[in-house]
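K.L.:
Sequence and predicted structure, then a few things I'm wondering about:
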Protein chains: 2
Amino acid sequence: MTQPTATNQARAQDVDLTTSALKHRIAETKGKTNGHTNGTNGTNGHAIKALDASKLTVQLADPTAREVPDEATANAGDETICTDHMITCKWRAATGWETPELKPYGPLSLMPTASVLHYATECFEGLKLFRGYDGKLRLFRPNLNAKRMLMSTLRISLPGFEPEELEKFITTLVALDGPKWLPRDRPGSFLYIRPAMIGTQSQLGVQAPKEALLFITVSFMPRMDAPVGGIKLHTNPEDMVRAWVGGFGYAKVGANYGPSLLATAEARARGFGQILWLYGPEGYCTEAGASNFFMVWRAKESEGGQLQLVTAPLDDKLILDGVTRRSVVELARKRLAGEIEVVERKYTIDEVVEADREGRIVEAFAAGTAYFICPVSVIHHRGKDLQIPMGKTGEIGQLTAKLKGWMMDIMYGNEQHEWGVVVSKE
Amino acid sequence: MTQPTATNQARAQDVDLTTSALKHRIAETKGKTNGHTNGTNGTNGHAIKALDASKLTVQLADPTAREVPDEATANAGDETICTDHMITCKWRAATGWETPELKPYGPLSLMPTASVLHYATECFEGLKLFRGYDGKLRLFRPNLNAKRMLMSTLRISLPGFEPEELEKFITTLVALDGPKWLPRDRPGSFLYIRPAMIGTQSQLGVQAPKEALLFITVSFMPRMDAPVGGIKLHTNPEDMVRAWVGGFGYAKVGANYGPSLLATAEARARGFGQILWLYGPEGYCTEAGASNFFMVWRAKESEGGQLQLVTAPLDDKLILDGVTRRSVVELARKRLAGEIEVVERKYTIDEVVEADREGRIVEAFAAGTAYFICPVSVIHHRGKDLQIPMGKTGEIGQLTAKLKGWMMDIMYGNEQHEWGVVVSKE
């Protein structure tokens, strides 16, 4: 039969589809003329509008309509309590990003056929707004979240954008709602910022959506970093893994979360806080729930016996490149040099079991925006508990506490540091 | 330190979390008293209402408000055109299923913090309504879709239900909208039915949603079963796999779809219709896009040389238990016994390449509700095209045509068969 032209082309240029697809998506990010005609994006060579924070329109809520609850009340119910405003921005493949809107927080309207409701065309970010002990409002390394959001949107076939524009939206929103919802008399408190993007095209065909919506909300979130007795981890059931090589474990896409809830709910019913996700027949330790995971242990005597801070590596793309994870690694390398060796490598649950048996485990903690730095007290694996030391007070190990303290000092303004970005002087 | 009680319990009963979680979810399906206290479901022992189609309330749309477009027009735009009505039903963990509603098709309202928009707590089904050549409206084995929907909802931590109730909803909806939207003068045509369930709780905590919505729409869908020249498949990029053992490839959850769109869009830009998803270093053939995949080949002479219909097995839970797949397997076993051997087993792309080299490939096709039975003409793998025979006419192979014909006869009433369920006599 006749050989179709497209196939001939493909033979001539048998490049990697992933690399090529990302390249096309990234080109769109720039908001320039789009000559790529893959049928899922702007197709006809005219200018496609870039995401532009300077175009933001503002419709304010009545500031007296809602009172700010105290932290305990805000987090007591089944519903996440958001602040007065949100930012939304629509995108269409043919024309690009529309005018962004800052407006009162409220429901979204989606057709039942919207892509996101069927095909998980969705991704998000999570970061916090901190009320410092010096009275200032700060974000923590928001540029990293904005960049990661772009990576996630591209992976899940949603439109690109300049990360700086997303950062501007975040800053604008928290500068508006922060003073009221995170008042000066609550130093040491935080709000949670959730940028998200969803595919909104009303189309049941399985394809990259031609319409999308970026939205950003700010809300309360419970403190999860110091559960009484530490967090207890349960390794995943043998028939359930979180992510896999060639998958999307490194991207903050919805598809990494929903499928993990079943095992997590069951672990919680049994008194555990999170699943410790192992990977492969080797049982590599990857993440603790939706957080990164760190072990502090002494290497075997035969390997030198030095104190090590160990965490899974990023290079196989199984785990999220967490902002907290990265900051812990950087702080430890800088401030604990000579005292502790920071090791990013694959390590197995058997190594953890062996270290436990040999009394080499010093501490362990989960690290992420939601759980912050949360000491781990137990790892339950295949019928056995490993007890992890929790320091002299039984609340937190010494090294975990030191790292956590440094991070909090930056977040809450006890230390002036480039990672702590002041957003409003009020 | 003190050993927490929950951990002691877990040690005593170190059952598989998955099995246990599914058991709890299935118990809820019955709508009986719920004594399971995992914090994500009804918790206090009172009765939880089951999904009950007999409670359906009806609010009719103005039947003259919208005209029925012809098939070509209906499928020409970027938006899926739905019929006049939809069915929705809300669920709350504490109280169970609420009163189901049949009402005019229209938008859903979701808070920006709704679970489905962040954590992909979503699943769906797809089936068709057929207008028979005998004038009757039929569904094809809807009980299989309803059962699979339950399996998917449980896997993605959404509430259970009796599959028969979902089937009743479907029948009621198409009995109402079918006569108008799939008129008697369009025999041999179909509409597409999409039941879906989403997590609607407005809660950013990563947890099984305590509120959900079931909804069912009916829409047009393009015919995709006979692309000119057959469908051309491109094997997946080496750094991207669709599903994995221990994952959820067997469930019809959104998380299987969004992440696949990137590679699919790029393949389409290069003239291919779908990705042929390979698995593992061995390169096992699993699915063609979101369809199942069948090869017809002659076994090696050394293995007997018989004609075989080969498709991936279900037991490792990598692929969807497709209704079309299952029906093809059953029909071939029954009606082609002695003529062709039906083999459900793992087979690799290297076996396909070898069969091609040795001239043993007879036909290949994708099988699913959307693509129905779609002849495959090319498999592009690592820079090379395998040409798949397409029969004397160049449109469809003989065996593929025979199987497809039998299926169509049942769907469109040329053959009276228990799989073709008449829904309305009008």
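P.N.:
Yep, it's here. Numbers count the residues shown, from 1 in each chain, chains lettered A, B, ... in the order given.
K.L.:
which secondary element of chain A has the worst mean pLDDT?
P.N.:
helix A:5-12 (a mean of 38; mean pLDDT, DSSP states H and E).
K.L.:
ok, A:P142 - contacts?
P.N.:
Listed by Cβ atoms under 8 Å, 6 or more residues apart in numbering or on different chains, the contact set of A:P142 reads A:127, A:167, A:170-171, A:421. Quick note: C-beta positions are derived from backbone N, CA and C, even for glycine.
K.L.:
of all those, which comes closest to chain B?
P.N.:
Lowest distance from chain B to the contacts of A:P142 (Cβ to the nearest Cβ) belongs to A:L127, with 12.5 Å.
K.L.:
what about that closest one, how many neighbours?
P.N.:
The number of residues packed around A:L127, counting by other Cβ atoms under 10 Å in any protein chain shown, is 24.
K.L.:
what does A:D350 give?
P.N.:
13.
K.L.:
Could you check how far A:R326 is from chain B?
P.N.:
20 Å (Cβ to the nearest Cβ, to the nearest Å).
K.L.:
Surely that residue is in contact with A:L144?
P.N.:
Yes: when contacts are counted by Cβ atoms under 8 Å, A:R326 is listed as touching A:L144 (7.1 Å).
K.L.:
Looking at these two, which is more packed in?
P.N.:
Remark: of A:R326 and A:L144, A:L144 carries more neighbours, 19 against 15, as counted by other Cβ under 10 Å.
K.L.:
so who does the nearest residue to that one once chain neighbours are set aside touch?
P.N.:
Computed as Cβ to Cβ, 6 or more residues apart in numbering or on different chains, the closest residue to A:L144 that is not its neighbour in sequence is A:V323, at 4.8 Å. Neighbouring residues of A:V323 by Cβ under 8 Å, 6+ apart: A:127, A:140-141, A:144-145, A:148, A:369.
K.L.:
Any buried residues in stretch A:171-187, and which?
P.N.:
By neighbour count with 16 or more other Cβ atoms under 10 Å in any protein chain shown, stretch A:171-187 contains the buried residues A:171-174, A:176-178, A:181-182, A:187.
K.L.:
Kindly report the residues of the stretch 51-200 of chain A close to chain B.
P.N.:
Residues of the stretch 51-200 of chain A that fall close to chain B, judged by Cβ under 8 Å from any Cβ of the partner chain: A:78-80, A:82, A:86, A:105, A:107-113, A:116-122, A:124, A:154-157, A:192, A:194, A:196, A:198-199.
K.L.:
Neighbours of the closest residue to chain B within the stretch 101-250 of chain A, how many?
P.N.:
Across the stretch 101-250 of chain A, no residue is closer to chain B than A:A120, which sits at 3.3 Å (Cβ to the nearest Cβ). The criterion is other Cβ under 10 Å. On that basis, A:A120 has 34 neighbouring residues.
K.L.:
Specify the beta-bridge partners of A:K49.
P.N.:
A:K49 has these beta-bridge partners by DSSP bridges: A:G96.
K.L.:
There's contact between it and A:G96 in this structure, I believe.
P.N.:
Yes: using Cβ under 8 Å as the test, A:K49 is close enough to A:G96 to be in contact (3.5 Å).
K.L.:
Now the residue nearest to A:F220 when sequence neighbours are not counted. Its backbone dihedrals?
P.N.:
Here the nearest residue to A:F220 in space, its sequence neighbours aside, is A:A74; by Cβ to Cβ, 6+ apart that works out to 3.9 Å. When read as degrees, to the nearest 10, the backbone of A:A74 gives phi -60, psi -30.
K.L.:
Would you confirm that A:A74 contacts A:I81?
P.N.:
Yes: between A:A74 and A:I81 there is a contact at 4.7 Å, judged by Cβ under 8 Å.
K.L.:
where do the contact lists of the two overlap?
P.N.:
Shared contacts of A:A74 and A:I81, defined by Cβ under 8 Å, 6+ apart, comprise A:F220.
K.L.:
Let's have the contacts of A:P142 in TSV, adding secondary structure and pLDDT.
P.N.:
Conversion of those to TSV gives the following (DSSP: H, G, I helix; E, B strand; the rest coil; pLDDT from 0 to 100):
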residue	secondary structure	pLDDT
A:L127	strand	98
A:E167	helix	98
A:I170	helix	98
A:T171	helix	98
A:V421	strand	98
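K.L.:
Just the mean pLDDT for stretch A:98-113, thanks.
P.N.:
In this model, stretch A:98-113 has a mean pLDDT of 98.
K.L.:
Sort out which residues of that stretch are buried, please.
P.N.:
Of the residues in stretch A:98-113, those buried under the neighbour-count criterion (16+ other Cβ under 10 Å) are A:98, A:100-103, A:105, A:108, A:110-113.
K.L.:
Stretch A:231-246 too?
P.N.:
The neighbour-count check on stretch A:231-246 (16+ other Cβ under 10 Å) flags A:231-237, A:240-244, A:246 as buried.
K.L.:
Tell me which two in those residues are the farthest apart.
P.N.:
A:K232 and A:G246 (31.2 Å; Cβ to Cβ).
K.L.:
Wasn't A:S152 part of a helix?
P.N.:
Yes: under DSSP: H, G, I helix; E, B strand; the rest coil, A:S152 falls within a helix.
K.L.:
how far out from the middle of the chain is stretch A:80-95?
P.N.:
On the basis of Cα atoms, centre = their mean, to the nearest Å, the separation between the geometric centre of stretch A:80-95 and that of its chain is 18 Å.
K.L.:
Figure out the length between the terminal residues of that stretch.
P.N.:
Across stretch A:80-95, the terminal residues are separated by 34 Å (Cα to Cα, to the nearest Å).
K.L.:
One more: stretch A:295-314?
P.N.:
Across its full length, stretch A:295-314 reaches 16 Å end to end, with Cα to Cα as the criterion.
K.L.:
now do stretch A:344-352
P.N.:
Counting by Cα to Cα, the length from the leading to the trailing residue of stretch A:344-352 is 15 Å.
K.L.:
quick one: that stretch near chain B?
P.N.:
No: on the criterion Cβ under 8 Å from any Cβ, stretch A:344-352 is out of touch with chain B, staying 14.9 Å away.
K.L.:
sorry, back to before: report the two of the contacts of A:P142 separated the most.
P.N.:
Looking across those, with Cβ to Cβ as the criterion, the two at the greatest separation are A:L127 and A:T171, at 11.3 Å.
K.L.:
Where does A:F215 fall, secondary structure wise?
P.N.:
A:F215 is part of strand A:211-219 when elements are defined by DSSP states H and E.
K.L.:
what's the following helix or strand after that strand?
P.N.:
Counting by DSSP H and E, the next helix or strand C-terminal to strand A:211-219 is strand A:231-235.
K.L.:
hmm, that following strand in reach of chain B?
P.N.:
Yes: Strand A:231-235 is in contact with chain B by Cβ under 8 Å from any Cβ, via A:232, A:234.
K.L.:
quick one: contacts of that strand?
P.N.:
A:267, A:270-278, A:283, A:288, A:349, A:366, A:371, A:374-382, B:4, B:6-7, B:10, B:17.
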